[in-house]
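Asks: Below are the sequence and a predicted model; questions follow.
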Amino acid sequence: MNYLHEDRVKKRMASRLIKNKLLKSFFLGATLLSLVVLAILMYRMISQGHAYLNWDFLTNFSSRFPQNAGIKAALIGSLWLLAVVAPVSLLFGVGAAVYLEEYAKKSKLTTFIQMNISNLAGVPSIVFGLLGLTIFVRMLSLGKSVLAAGFTMSLLILPVIIVASQEAIRAVPKDLREASYGMGATKWQTIVKIVLPSAIPGILTGGILALSRAIGETAPLVVLGIPVIIHFLPEGLLSEFTALPMQIFDWAKRPQEEFQYVAAAGILVLMIVLVIMNSVAIIIRNKFSKRY
Amino acid sequence: MKNWKYFMMTGIVGSALILGACGNDEKSNSSSNSSSSSAESNASASDHEKLEGKLSGDGSSTVAPIMEAIVEEYSAEQPKVQVSVGVSGTGGGFEKFINGETDFSDASRPIKDEEAAKLKEKGIDYTEMKIAYDGLSIVVNKENTWLKDATVKELKEIWIESGKDKKWSDINSKWPNEKIVYYSPGTESGTYDYFVNDILEGKDIVKSATLSEDDNVLVKGVESDKNAIGYFGFAYYIANKDKLSVVKVDGVEPTHDTIKSGEYTPLSRPLFVYVKNEAVKSNPVMYNFMKYAIDNAGDLAESVGYVRSPDEDYSEDLTKLEALK
């Protein structure tokens, strides 16, 4: 008896092969699509912005003349912002993740909290801007300061950091923990000496990607009313400041066409900052992942 | 070796960016001289004492280029004074002004009654200064051959919502039988308020209009559609002169002269800065800044494509400012 109908298989073979090829090329296309978009974006930005991207661009304040416009205030402002967002969001984010993974009992309350954190990660950034405006700028009267914007941005990326850190902590093998307890270590010692070090590559990758988002986010800053025309550098956490996306947004709205190119140069600076940050994330991850 | 790939990728992306950055920078120095010339001419000797302090303002995106110019020149002269100006639109600026968050507010329309009432409620006294003029420019596509000159009545017919889609032929039977495409500044902008209040007399603007807070969106929209019509500040028209056609209003084309002389009515409008009286009184930096602003606003406004106010306006502003001190 013949279990395979060879003639039927043969008949369908051609169409199956075509189907296979079609789908394969579709998947390849899907993979390349994002890369092509990135390439087009980079090409446009570099071809438009390169003429304005030079040392003066980094060391000048903005100007009404496109030739003199520089990004100093925005670049330094964004670094100040980062200096607030990074410690605040990582401290609270990792703290929350450690609590949820290591301490919290599986109850309805923790499931509820967990669900809310996941939902918060999907809330549009402009909503966080409104929250920041009401609480930090007005209620706590921090004004349009680095601190107010930093706290707002921290809230925005906190859910992402918590979820990423939780994943990283969960991925630490149980054996390591049990070995630690077996050696007589306390819970705290186990967390600090065993769990966190081996989870750190995952935590930092998630964390730095989230920080990159905070650097590039514009909507919350617009809602907070972060000023754009600024010719001084922040002197402290309560100073007013401006940030890269705000400055780029402002240039893109100017009447003179040359400012479109200045905006492109600004975008290049922003992208370089992001590339540097992501590289740092990769380096840190590689360094730590070798330890275990 | 996954890590390798990451390194390669960042390496490639990074070097592409850096290579791109090494382009020519001939342009950078060409006009750096012109930036300081206008300010030097007006800097009076008495202003040379160095002050220290903080000021903050917010408001119209139309006024923003002038403010940028003022702040740029002022901070060259008084580097220790920290002036920060936001660009939230006229309405957004007044909201912050009412909240007491700013010392001055830029506006491309006069303050509204309800805004004035709120300020009164909060006990904030303010003074209005006119710092420059703008001519609201009505623009159409380059290929538009029919609309060269419009009366205010026609503008109303074109822009007021009538409940149905309008065609050019509905306004004038000689015009093409095609749907009009509208571009207008967004509702937060003073330009929108001014147009709706003063030209449309408060009636609703056509619902099909594309509203955008970014005037360059309007420029691109009108540029790319034969049947489009839009309006925005004079500076945007001047910067895009070769891409758009401007419509004369009652036979008058918007130019520096017709706007300044008031001949270009009713679309030429003053641009304002509203200052908090208390700030001028209590903060010497505020007085100094505003004096500088009024002294130089004319030149600086012209340098960014706006029109200087008549001299009487500036001397009137100055009198008002002195009275507040």
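Replies: Sure thing, it's come through.

Asks: Spell out the residue ranges of the strands in the stretch 151-300 of chain B.
Replies: B:181-185, B:210-212, B:228-232, B:244-246, B:248-249, B:268-276 (DSSP state E, counting those that start in this stretch).

Asks: Okay, B:A297 and A:L142: tell me how far apart.
Replies: 32 Å (Cβ to Cβ, to the nearest Å). Using the backbone N, CA and C atoms, a C-beta is placed for each residue, glycine as well.

Asks: How about B:P270?
Replies: Noted for B:P270: a distance of 35 Å to A:L142, by Cβ to Cβ.

Asks: any idea where the strands of the stretch 101-250 of chain A begin and end?
Replies: For the stretch 101-250 of chain A, applying DSSP E, counting those that start in this stretch gives strands covering A:229-230.

Asks: OK, contacts around the nearest residue to B:K276 once chain neighbours are set aside?
Replies: For B:K276, ignoring the flanking residues on the chain, the nearest one in space by Cβ to Cβ, 6 or more residues apart in numbering or on different chains is B:D103 at 5.3 Å. By Cβ atoms under 8 Å, 6 or more residues apart in numbering or on different chains, B:D103 lies in contact with B:55-57, B:275-276, B:279, B:283, B:286.

Asks: ok, now with 10 Å
Replies: Residues in contact with B:D103 (Cβ atoms under 10 Å, 6 or more residues apart in numbering or on different chains) are B:54-58, B:83, B:97, B:275-276, B:278-280, B:283, B:285-286, B:289-290.

Asks: Ok, B:L300 next?
Replies: Contacts of B:L300 (Cβ under 10 Å, 6+ apart): A:64, B:38-39, B:42, B:65-74, B:131-132, B:293, B:306, B:308.

Asks: A:F288 touches A:A281, doesn't it?
Replies: No: shown here, A:F288 and A:A281 do not form a contact pair, counting by Cβ atoms under 10 Å, at 11.1 Å.

Asks: Need the residues touching each of these two.
Replies: A:201, A:204.

Asks: Pick out whichever of the two has more residues nearby.
Replies: A:A281 (21 against 17; other Cβ atoms under 10 Å in any protein chain shown).

Asks: give the contact list for that one.
Replies: Applying Cβ under 10 Å, 6+ apart, the residues near A:A281 are A:201, A:204-209, A:211-212, B:6, B:10.

Asks: Nearest to A:S47 among these?
Replies: B:T10 (21.7 Å; Cβ to Cβ).

Asks: Which pLDDT value goes with that closest one?
Replies: Per-residue confidence at B:T10 stands at 54 (pLDDT).

Asks: for the stretch 101-250 of chain B, what spans make up the helices?
Replies: All helices of the stretch 101-250 of chain B, identified by DSSP state H, counting those that start in this stretch, fall at B:113-121, B:152-159, B:168-171, B:190-194, B:215-224, B:234-239.

Asks: same thing with chain A?
Replies: Assigned by DSSP state H, the helices in chain A fall at A:6-49, A:55-59, A:72-98, A:108-120, A:125-132, A:146-170, A:174-182, A:187-189, A:196-216, A:219-224, A:244-253, A:258-289.

Asks: can you put those helices in a markdown table and add mean pLDDT?
Replies: Shown next, in a markdown table, are the helices of chain A (pLDDT from 0 to 100):
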| stretch | mean pLDDT |
| --- | --- |
| helix A:6-49 | 90 |
| helix A:55-59 | 88 |
| helix A:72-98 | 94 |
| helix A:108-120 | 91 |
| helix A:125-132 | 92 |
| helix A:146-170 | 94 |
| helix A:174-182 | 91 |
| helix A:187-189 | 92 |
| helix A:196-216 | 89 |
| helix A:219-224 | 91 |
| helix A:244-253 | 90 |
| helix A:258-289 | 87 |
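
Asks: would TSV of those helices with distance to B:V196 be doable?
Replies: Below are the helices of chain A laid out as TSV (distance: least, Cβ to Cβ, whole Å):
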stretch	distance to B:V196
helix A:6-49	35
helix A:55-59	40
helix A:72-98	34
helix A:108-120	39
helix A:125-132	26
helix A:146-170	33
helix A:174-182	67
helix A:187-189	65
helix A:196-216	35
helix A:219-224	24
helix A:244-253	21
helix A:258-289	28
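
Asks: List the buried residues in stretch B:70-90.
Replies: Across stretch B:70-90, burial judged by 16 or more other Cβ atoms under 10 Å in any protein chain shown covers B:70-75, B:77-78, B:81-90.

Asks: Now, these that are in helices?
Replies: B:70-75, B:77, B:89-90.
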